[in-house]
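S.K.: Next input, structure requested:
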Amino acid sequence: MSDKDRNEGPGVSRRDFLKIGGIAVAVPLVASPRVLQAAGKPVEVHGPYKAKISLNINTKQQFVEVDTRVTLLDVLRDTYQLTGAKRVCDRGACGACTVLMDDKPVYACSILAVDAQERKITTIEGIYPAETLDELQRAFVENDAQQCGFCTPGFIVSAKSFLDAHPRASAEEFKHGLSGNLCRCGTYQGMQLVAAAMTKGKGA
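M.R.: Numbering: from 1, shown residues only. Okay, here's the model as predicted:
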């Protein structure tokens, strides 16, 4: 009898138990069905695996192979070097990663890239492809509505989206429209001045 057999004794060894336990944990991940039933309806399950997907980013059709667990923010920043959307909280709470999806502001860190297919994605680079400043950008600069500037792209994307949808909004409504974005430098007084400048004479 070898030392190995003598030490482990009869029955299932500790090594075998760990192997069996590892297989039992891994099997649901590998062999899980691709379609699940939810509320009586079949729901397709993605991943984890790599998939070839198509994304409409800033009016250009892009094709990329990504892990199905990768977020839209990761693809924008790491694959296409569109770094205007920032990773800060990474949990959909600060708005620094705000982009437009079908012209509505969303948190890119909270959306899987595979779920963004067949949607129109617009980043700040797509909104402002030129280097000249428009009225909104100038208002941010002239009223010191940024300090480190890290969160500024998310604020501007949200602000432009709100103003496009509500051109006659009041300053108070404008501030409420930016409530999903946070500035860790605390430049909210400057934001209030931006709100006043952008809505002057436009309120109902």
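S.K.: What residues sit buried inside stretch 52-63?
M.R.: By 16 or more other Cβ atoms under 10 Å, the buried positions in stretch 52-63 come out as 53, 55-58. (Each C-beta comes from the backbone N, C-alpha and C, glycine too.)
S.K.: go on, stretch 85-93?
M.R.: Buried positions in stretch 85-93, judged by neighbour count with 16+ other Cβ under 10 Å: 85-86, 88.
S.K.: And for stretch 149-162?
M.R.: Result for stretch 149-162 [16+ other Cβ under 10 Å]: buried residues 151-162.
S.K.: Domains in the chain, by residue range?
M.R.: Using automatic domain parsing, the domain parsing of the chain gives 3-44, 50-127, 135-199.
S.K.: Low-confidence bits of this structure, can you list those?
M.R.: Applying pLDDT under 70 to the chain flags the ranges 1-34, 46-47, 201-204.
S.K.: would you list every one of the strands in it?
M.R.: In the chain, the strands defined using DSSP state E lie at 35-38, 41-44, 50-57, 60-67, 98-101, 104-107, 120-122.
S.K.: Same list, these, but as TSV with distance to Arg168 please.
M.R.: Output for the strands of the chain, formatted as TSV (distance: least, Cβ to Cβ, whole Å):
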stretch	distance to Arg168
strand 35-38	42
strand 41-44	42
strand 50-57	30
strand 60-67	33
strand 98-101	21
strand 104-107	19
strand 120-122	23
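S.K.: most neighbours per residue, which of those?
M.R.: The highest average neighbour count among those, using mean count of other Cβ atoms under 10 Å, belongs to strand 98-101 at a mean of 25.
S.K.: and that strand, which strands flank it?
M.R.: Within its sheet, and counting by DSSP bridges, strand 98-101 is paired with strand 104-107 (antiparallel), strand 120-122 (antiparallel).
S.K.: Can you pull out the residues in contact with the longest one?
M.R.: Yep, that's strand 104-107 we're talking about. 92, 95, 97-100, 157-158, 161-162, 180 (Cβ atoms under 8 Å, 6 or more residues apart in numbering).
S.K.: so how far is it from its chain's centroid?
M.R.: 8 Å (Cα atoms, centre = their mean, to the nearest Å).
S.K.: residue contacts, the residue nearest the centre of the chain?
M.R.: Computing the C-alpha centroid of the chain and ranking residues by Cα atoms, centre = their mean puts Ala108 first, at 1.5 Å. Contact analysis of Ala108 by Cβ under 8 Å, 6+ apart lists 71-73, 76, 85, 97-99.
S.K.: which of those lies closest to Asp144?
M.R.: Of all the contacts of Ala108, Thr98 has the smallest distance to Asp144: 20.8 Å, by Cβ to Cβ.
S.K.: Bridged to that closest one, which residues?
M.R.: Beta bridges link Thr98 to Tyr107 when assigned by DSSP bridges.
S.K.: need the helices for this structure, in chain order.
M.R.: With helices called from DSSP state H, the chain shows them at 3-8, 14-31, 72-74, 124-127, 135-142, 152-165, 171-177, 188-199.
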